[in-house]
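Q: Generate a structure from the sequence data that follows.
(one chain, ligands or ions: 1)
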Amino acid sequence: MILRPTAIAGVVEVLAEPVADARGRFIRTWCADEFAAAGLDFRPHQVSISENRARHTLRGLHFQVAPAEERKLIRCLRGAVFDVAVDLRPDSPSYRCWVGVELTAAQHNALFVPHGCAHGFLSLTEDAWLEYLIDAPYRPGTARGLRWNDPAFGIAWPAAPAVISDRDRDWPDHG
Ligand SMILES: Cc1cn([C@H]2C[C@H](O)[C@@H](COP(=O)(O)OP(=O)(O)O[C@H]3O[C@H](C)C(=O)[C@H](O)[C@H]3O)O2)c(=O)[nH]c1=O
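A: Numbering: from 1, shown residues only. Predicted structure coming up:
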């Protein structure tokens, strides 16, 4: 795999290096050693799947508050999504900046999101499924959120959401 840095420190796109033969392809999607060699201390604790029926479903943007902070590796298992991370670390040179990456099942690419960043996505196809590798147990009530169109972040989404939860629609402005 190729770990490609983004404009936000610690947010890394993981590009697949498929090994093809007459039967098809073999793709490594995570490796502790390769991540560690890139300075990413990431050991998954739980794996989840997010199934999204309608095109332009938006989930997020979420982050977990300490001590429940999560590092997560997100990949698309079906369809495609526009995946976004926002830097919420006040001491970071990219504080309040965002990056967006198109994740597709066909490319097998992924986005690594470290502590201190919010994550969200907009599905670009019907039946877009995401896999999350997360390095902490799920702790209900520890999630906080940013609103997708909060002017404080100016995220350039490819489209407005057609489907969004009330909770995600109503996150307050961050001023
Ligand atoms: C996140 C999570 C949820 N759940 C249960 C709780 C609810 O009964 C149901 C849906 O939860 P929620 O509406 O919080 O799911 P999303 O809105 O997709 O939340 C996720 O969306 C954004 C984009 C993220 O990056 C996070 O992974 C996560 O916050 O699954 C669990 O059982 N385990 C979990 O780890």
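Q: what residue ranges in this structure are flagged as low confidence?
A: Of all residues in the chain, none has pLDDT under 70.
Q: Flag every residue of it that's near the ligand.
A: 48, 50, 59-60, 62, 119-121, 132, 138, 143 (Cβ under 6 Å from any ligand atom). C-betas here are computed from N, CA, C, even on glycine.
Q: Just the buried ones from those?
A: Taking 16 or more other Cβ atoms under 10 Å as the criterion, what is buried in these is 50, 59-60, 62, 119-121, 132, 143.
Q: which two in those are spaced the farthest apart?
A: Phe121 and Ala143 (15.0 Å; Cβ to Cβ).
Q: Among the buried ones among the residues of the chain next to the ligand, pick out the one closest to Val163, please.
A: Distances from Val163 to these, taken by Cβ to Cβ, are shortest for Arg59, at 9.1 Å.
Q: Name the nearest residue to Thr104, sequence neighbours excluded.
A: Ala80 (4.2 Å; Cβ to Cβ, 6 or more residues apart in numbering).
Q: OK, contacts around that neighbour?
A: 102-106, 123-125, 128 (Cβ atoms under 8 Å, 6 or more residues apart in numbering).
Q: of all the residues of the chain next to the ligand, which two lie farthest apart?
A: Phe121 and Tyr138 (18.1 Å).
Q: Check which element follows the longest helix along the chain along the chain.
A: The residue-count maximum for a helix in the chain (DSSP state H) belongs to helix 32-37. For helix 32-37, the following helix or strand on the C-terminal side (DSSP states H and E) is strand 46-52.
Q: Helix or strand next in line after that following strand, which one?
A: Taking DSSP H and E, what comes next after strand 46-52 is strand 57-64.
Q: Off-centre distance for that next one?
A: Distance of strand 57-64 from the chain centroid (Cα atoms, centre = their mean, to the nearest Å) equals 9 Å.
Q: contacting residues for the residue lying closest to Leu103 once chain neighbours are set aside?
A: Nearest non-adjacent residue to Leu103, counting by Cβ to Cβ, 6+ apart: Cys76, 4.2 Å away. Neighbouring residues of Cys76 by Cβ under 8 Å, 6+ apart: 103-105, 109, 128-131.
Q: most surrounded residue in those residues?
A: When neighbours are counted by other Cβ atoms under 10 Å, Ala128 leads the contacts of Cys76 with 27 neighbours.
Q: residue contacts, the residue of the chain lying at maximal distance from its centre?
A: The outermost residue of the chain, judged against the average C-alpha position, is Ala22 (32.6 Å), by Cα atoms, centre = their mean. Neighbour list for Ala22: empty [criterion: Cβ under 8 Å, 6+ apart].
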